[in-house]
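S.K.: Predicted model and sequence below, questions to follow.
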Amino acid sequence: MSLARKKLGKAGEDVARKYLKRRGHRILAKNYTFSIGEIDLITYHEDCIVFVEVKTRSDPQTLDTEFPVSRTQRRHAVRAAQAWLSQHRDPDCAYRFDAVSVVLPRDGEPSVRHIVDAFTPSR
């Protein structure tokens, strides 16, 4: 991955984190990495653990807003979430997988789209 792409991804994750915090999410972890996958953000919101995949683009036309998380990414996120849950003694609360799409245009303000329950472990 190029340095420019890494910078764009980090900037998008920062925007997503601030967005979620403003909406009442408590950030539990950033860039949680397990042997098979990574989760960009893990939050706690309304008695629910939320595993968040952040997708960042600079051009809004390149963002697939309907299915921003690929099947492989979903599978890896589920495995990493299971590892996180087991390391935290499987908290006695619900959990879900959200996606946050961030567009960071060269000119103008970022736009954010939060997709609650973007996918489930069985899909």
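M.R.: Structure received.

S.K.: Name the next helix or strand downstream of the longest helix that the chain contains, please.
M.R.: Ranked by residue count and defined by DSSP state H, the top helix of the chain is helix 3-22. Once helix 3-22 ends, the next helix or strand along the chain (criterion: DSSP states H and E) is strand 26-34.

S.K.: Same question for that following strand: list its buried residues.
M.R.: By 16 or more other Cβ atoms under 10 Å, the buried positions in strand 26-34 come out as 28, 32, 34. Where C-beta positions appear, they are placed from N, C-alpha and C, glycine not excepted.

S.K.: Same question for the longest helix of the chain: list its buried residues.
M.R.: 8-9, 12-17, 19-20.

S.K.: re earlier: quick check: of the buried residues of strand 26-34, which lies closest to D98?
M.R.: Ranked by distance to D98 (Cβ to Cβ), those are led by L28 at 13.5 Å.

S.K.: correct me, but I36 touches Q73?
M.R.: No: applying Cβ atoms under 8 Å, one finds I36 not in contact with Q73, separated by 11.3 Å.

S.K.: These two: which has the busier surroundings?
M.R.: Q73 (16 against 13; other Cβ atoms under 10 Å).

S.K.: if I pick the more buried one, what's in contact with it?
M.R.: Neighbouring residues of Q73 by Cβ atoms under 8 Å, 6 or more residues apart in numbering: 37, 53.

S.K.: now it, what's its secondary structure?
M.R.: Taken by DSSP: H, G, I helix; E, B strand; the rest coil, the conformation at Q73 corresponds to helix.

S.K.: Tally up the residues packed near the spatially closest residue to L104 that is not a sequence neighbour, please.
M.R.: Distances taken as Cβ to Cβ, 6 or more residues apart in numbering put P110 closest to L104, at 5.1 Å, once the chain neighbours are dropped. By the measure other Cβ under 10 Å, the count of residues near P110 is 16.

S.K.: cool, and R96?
M.R.: Neighbour count for R96, taken as other Cβ under 10 Å: 17.
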